[in-house]
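*Asks:* Have a look at this prediction, sequence included:
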Amino acid sequence: MHQRKYALELISEVGLAGAKPGTTPIDINVKMTSKKYDETVKNQQCIEDDPPTDQAGYQRLIGKLLYLTITRPDISFGAQTLSQFPQAPKKSHMDATLRIVRYIKNQTGQGLLLSNKFKSDVTTFYDADWAACPITKRSVTSFIIKLGNSPVSWKSKTQNCGV
């Protein structure tokens, strides 16, 4: 099950049809921060180096990526991370979002392989990025549940504060 046509339309809509495909959906060493956090913590030069971007365009692109996660769990973490900045997106957020689109371009037909052989064993994979958010120090957790060889559920979420 895949969304190849949708992925190709997304790539051409953002103007990356001629761009080089990406190999990874998101740079895990870059911590995304909000504009408000930058104004509070960082110096003025950092803020000027990362100006605001088109809010409506960013929100539309994030929405399309979130829809694509239905059949592409490999982009779930990146789409979830970037969906946290819809009100005041910066250039670095848009660049990271376009990186995901270039990654999708690398394998537009990638999707879910649903096995036709029934196996009743349930397998779960779980991971956490402890205190990944530099602003709130909240953890990001992800999981995927498989029935036999077929994925049936997956999610990536920033955890609530237990206070």
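*Replies:* Looks like it arrived, so ask away.
*Asks:* helices and strands of the chain: which one bottoms out on pLDDT?
*Replies:* Taking all helices and strands of the chain together, the one with the lowest average confidence (mean pLDDT, DSSP states H and E) is helix 44-49, at a mean of 62.
*Asks:* buried set for the strand or helix carrying Val101?
*Replies:* Secondary structure from DSSP states H and E places Val101 in helix 91-106. For helix 91-106, a neighbour-count test (16 or more other C-beta atoms under 10 Å) marks 92-94, 96-105 as buried. Bear in mind the C-beta positions are built from the backbone N, C-alpha and C, glycine included.
*Asks:* hmm, back to that, after the least confident helix or strand of the chain, next one along is what?
*Replies:* Following the chain from helix 44-49 toward its C-terminal end, the next helix or strand by DSSP H and E is helix 55-68.
*Asks:* Go ahead and name everything in contact with that following helix.
*Replies:* If you take C-beta atoms under 8 Å, 6 or more residues apart in numbering as the criterion, helix 55-68 is touched by 3, 6-7, 10, 14, 75, 78-79, 82-83, 85-89, 93-94, 97, 100-101, 104.
*Asks:* Please state the offset of stretch 116-131 from the chain centre?
*Replies:* Distance of stretch 116-131 from its chain centroid, counting by C-alpha atoms, centre = their mean, to the nearest Å, is 20 Å.
*Asks:* ranges for the strands of the protein?
*Replies:* For the chain, the strands defined by DSSP state E cover 122-129, 140-147, 150-158.
*Asks:* in this protein, which ranges drop under the pLDDT threshold?
*Replies:* Regions of the chain meeting the criterion pLDDT under 70 cover residues 42-48, 132-135, 161-163.
*Asks:* what does the domain assignment say about it?
*Replies:* 4-106, 122-158 (automatic domain parsing).
*Asks:* which residues does the closest residue to Pro73 other than its chain neighbours bridge with?
*Replies:* When the adjacent residues along the chain are set aside, Pro73 lies closest to Trp154, with 4.5 Å between them (C-beta to C-beta, 6 or more residues apart in numbering). On the basis of DSSP bridges, Trp154 is bridged to Ile144.
*Asks:* gap between Trp154 and Thr24?
*Replies:* 18 Å (C-beta to C-beta, to the nearest Å).
*Asks:* Who has more neighbours out of those two?
*Replies:* With other C-beta atoms under 10 Å as the criterion, Trp154 and Thr24 differ in neighbour count, and Trp154 comes out ahead with 16 against 13.
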